[in-house]
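1. when you get a sec, could you give me coordinates for this:
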Amino acid sequence: MTPRPGHAGRVLRRSWIFTRLSREGRAVLAMASSVLPFGVSLGRDETYLLVLATLALLAASLLVSSAYRAQGLVVVASVPARVPLGDELCVALELGNGGGRELRQLRVEPPPLGYDGRLLELPADVERLAPGERRRVQARLRFKRRGTHQLAPFRVAQLLPLELAQGAASKSLATSFLVVPRVACVTAVGAARSRRQQLAGLAGASRVAEASDLAGVRPYRAGDALRELHARSWARHGVPMVRQYRENHSARLGVVVDTDASLQSEAAFEAGLSLAAGIVARLSEGEQLADLLVTAERAERLALGRQCASLERALDLLATLQRSPGFQGERLLEQLAPHLGGLSCVVLVALGWDEARAALLARLEACGTSTLAYVLTEQVEPGPRPAWLAHAGRVRGVPIGAIARGEELLL
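-> Numbering: from 1, shown residues only. Next comes the predicted model:
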């Protein structure tokens, strides 16, 4: 989660003077306060009078700021539920004037963003907002850490004529969103041939075109569903006829994510999460189904038959993953064990390759489940023979740089 600013920073931001001064007013106050001690100590000219006049102007602006409260102003902030790591977060702010008089010079003040947030752009000041009028503006932010982020309220206030102060602000509600891994551009997943074929579609669902193909018609038998009666065949044969289906079968795969921090850098770990997301996205589009996403902490069932839902659930889990101190093969096998009977293949996204990872794949193969591993590699030029080449039939290398650059990956 996004760290909050320190106690002193929170107190300053909530102070009456800070909230009533505009950005220009705060800058002028800071400059005048820094110059004042030098002017007073020297005492040789009247520079300090200019400083005092500036402070007096700020004080006068603060005194009359109460008269500039934006009566009836309603602020509604909305953010997307998820934003890919490194992408811009667009915050939509809807300003509505529910009062009886026109509002002028409305300014949006951003919330504190924490150490990993950066403000890219604030909307321009709204010059006029008539009674009953609504205006939609947008702020752009960027965050550099995955996970759940809480975004404090945006403040919108009416500026005074010299723009040194502003009236009491109206606030939006706090919002939250997930910063998720980027989805790698995976164009094909060459999963190992499945040993088990599963019925496509949701268990217990009615027969629909997506779950089965029409194989022909046959005479009606007691117990057949009336909705399967085929009127034209009935008329042609003179006896009730019903549709007969042939079930589609497809491979259901489990995607296992390696979180071992001992073999690769933070950038490689992020690339591994991006690759896992890309694999789930690609499998959700084809005949193979990404049925399960497994980490050492949990095994998450993904929605079947809906690409968007499957990918969203996968991204939600990947967004909160943290690096672990080592490869937890036994823990991964424990998470997989209850689901192996329904999986055709297990795909491992590995941050490196060693005997522990090879042993995990061997034990899964012994249980009758096909396996395939994608190993993230730093090496681009020819060099020492990678250890995973000894298992080249079911282990393949994926360059980290290609993932980071968003290149198409034909796995």
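2. next one: the residue nearest to residue 111 when sequence neighbours are not counted relative to residue 122, how far apart?
-> Counting by C-beta to C-beta, 6 or more residues apart in numbering, residue 111 lies nearest to residue 152, which is 3.5 Å off, once chain neighbours are set aside. (C-beta placed from N, C-alpha, C; glycine too.) From residue 152 over to residue 122 the distance is 15 Å, taken as C-beta to C-beta, to the nearest Å.
3. the helices in the protein, which residues?
-> Remark: helices assigned in the chain by DSSP state H are 7-14, 16-20, 23-42, 47-64, 231-237, 266-285, 307-319, 329-336, 355-366, 400-404.
4. ok so, going back, what's near enough to touch the residue nearest to residue 111?
-> Applying C-beta atoms under 8 Å, 6 or more residues apart in numbering to residue 152 gives the contacts 111, 112, 174.
5. next up, phi/psi of it, please.
-> phi -60, psi 170 (degrees, to the nearest 10).
6. who's in contact with residue 185?
-> 278, 406, 407, 408, 409.
7. for the stretch 151-300 of the chain, give me the ranges with low pLDDT.
-> 191-215, 245-250, 286-287 (pLDDT under 70).
8. bridged to the nearest residue to residue 294 once chain neighbours are set aside, which residues?
-> Closest residue to residue 294 apart from its sequence neighbours, by C-beta to C-beta, 6+ apart: residue 256 at 4.5 Å. Bridge pairing for residue 256 (DSSP bridges) gives the partners residue 294, residue 348.
9. next: residue 409.
-> residue 186.
10. now do it, the pLDDT please.
-> In this model, residue 409 is scored at 90, pLDDT.
11. surely it touches residue 400?
-> No - applying C-beta atoms under 8 Å, one finds residue 409 not in contact with residue 400, separated by 11.5 Å.
12. who has more neighbours, the two?
-> Neighbours were tallied for residue 409 and for residue 400 using other C-beta atoms under 10 Å; the higher tally belongs to residue 400 (23 against 20).
13. OK, contacts around that one?
-> 264, 267, 268, 271, 376, 377, 378.
14. just give me the neighbour total for residue 187.
-> Neighbour tally, residue 187, other C-beta under 10 Å: 11.
15. name the nearest residue to it, sequence neighbours excluded.
-> residue 408 (5.0 Å).
16. pull the number of nearby residues for the one you found.
-> 10.
17. repeat that for residue 19.
-> With other C-beta under 10 Å as criterion, residue 19 counts 15.
18. hang on, isn't it packed against residue 167?
-> No - counting by C-beta under 8 Å, residue 167 is not a contact partner of residue 19; they are 10.0 Å apart.
19. joint contacts of those two?
-> In contact with both residue 19 and residue 167: residue 157, using C-beta under 8 Å, 6+ apart.
20. tell me the mean pLDDT for stretch 69-78?
-> 93.
21. touching it from outside, list them.
-> Residues outside stretch 69-78 that contact it (C-beta under 8 Å, 6+ apart): 91-101, 103, 106, 129, 131, 151, 153-158, 167-173, 175.
22. in it, what counts as buried?
-> Buried positions in stretch 69-78, judged by neighbour count with 16 or more other C-beta atoms under 10 Å: 69, 70, 72, 73, 75, 77.
23. chain center to that stretch, what's the gap?
-> Its chain's C-alpha centre and that of stretch 69-78 lie 28 Å apart, by C-alpha atoms, centre = their mean, to the nearest Å.
24. any idea how far apart the tips of it sit?
-> Taking C-alpha to C-alpha, to the nearest Å, stretch 69-78 runs 24 Å from one end to the other.
25. picking that back up, turn the buried residues of stretch 69-78 into a markdown table, including distance to residue 23.
-> As requested, these are arranged in a markdown table below (distance: C-beta to C-beta, whole Å):
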| residue | distance to residue 23 |
| --- | --- |
| 69 | 19 |
| 70 | 17 |
| 72 | 24 |
| 73 | 19 |
| 75 | 18 |
| 77 | 19 |
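26. in strands, which of these appear?
-> Among these, the residues falling in strands (DSSP state E) are 73, 75, 77.
27. what's the distance between the last one and residue 118?
-> Looking back up the chat, that one is residue 77. In terms of C-beta to C-beta, residue 77 sits 18 Å off from residue 118.
28. cool, the second one as well?
-> Summarising the geometry, the distance separating residue 75 from residue 118, computed by C-beta to C-beta, is 22 Å.
29. next one: the first one
-> Counting by C-beta to C-beta, the gap from residue 73 to residue 118 is 27 Å.
30. what do you get for residue 329?
-> Going from residue 329 to residue 118 by C-beta to C-beta gives 39 Å.
31. one more: residue 108?
-> From residue 108 across to residue 118, the span is 16 Å (C-beta to C-beta).
32. higher neighbour count, the two?
-> Remark: of residue 108 and residue 118, residue 108 carries more neighbours, 23 against 12, as counted by other C-beta under 10 Å.
33. list the contacts for the more buried one?
-> Counting by C-beta under 8 Å, 6+ apart, the residues that residue 108 touches are 93, 122, 123, 137, 139, 154, 155, 156.
34. what's the burial count for the closest residue to residue 253 other than its chain neighbours?
-> Nearest non-adjacent residue to residue 253, counting by C-beta to C-beta, 6+ apart: residue 345, 4.8 Å away. The number of residues packed near residue 345 is 23, by other C-beta under 10 Å.
35. wait, residue 345 touches residue 373, no?
-> No - counting by C-beta under 8 Å, residue 345 stays clear of residue 373, with 11.2 Å between them.
36. if we can go back for a sec, do you know which of the helices of the chain lies nearest residue 251?
-> helix 266-285 (9.0 Å; C-beta to C-beta).
37. alpha carbons of the closest one, as PDB, please.
-> Extracted as PDB, the C-alpha positions of helix 266-285 are listed here (Å, rounded to 0.1, in the frame of the first residue of the first chain):
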ATOM      1  CA  GLU A 266      13.800  -6.900  -8.800                       C
ATOM      2  CA  ALA A 267      13.400  -6.000 -12.400                       C
ATOM      3  CA  ALA A 268      13.600  -9.700 -13.300                       C
ATOM      4  CA  PHE A 269      10.900 -10.500 -10.700                       C
ATOM      5  CA  GLU A 270       8.600  -7.900 -12.300                       C
ATOM      6  CA  ALA A 271       9.300  -9.300 -15.700                       C
ATOM      7  CA  GLY A 272       8.300 -12.800 -14.400                       C
ATOM      8  CA  LEU A 273       5.000 -11.400 -13.100                       C
ATOM      9  CA  SER A 274       4.500  -9.700 -16.400                       C
ATOM     10  CA  LEU A 275       5.200 -12.900 -18.300                       C
ATOM     11  CA  ALA A 276       2.700 -14.900 -16.100                       C
ATOM     12  CA  ALA A 277       0.000 -12.300 -16.800                       C
ATOM     13  CA  GLY A 278       0.700 -12.500 -20.500                       C
ATOM     14  CA  ILE A 279       0.400 -16.300 -20.400                       C
ATOM     15  CA  VAL A 280      -2.900 -16.100 -18.600                       C
ATOM     16  CA  ALA A 281      -4.200 -13.500 -21.100                       C
ATOM     17  CA  ARG A 282      -3.200 -15.600 -24.100                       C
ATOM     18  CA  LEU A 283      -4.600 -18.800 -22.700                       C
ATOM     19  CA  SER A 284      -7.900 -17.100 -22.000                       C
ATOM     20  CA  GLU A 285      -8.200 -16.300 -25.700                       C
END
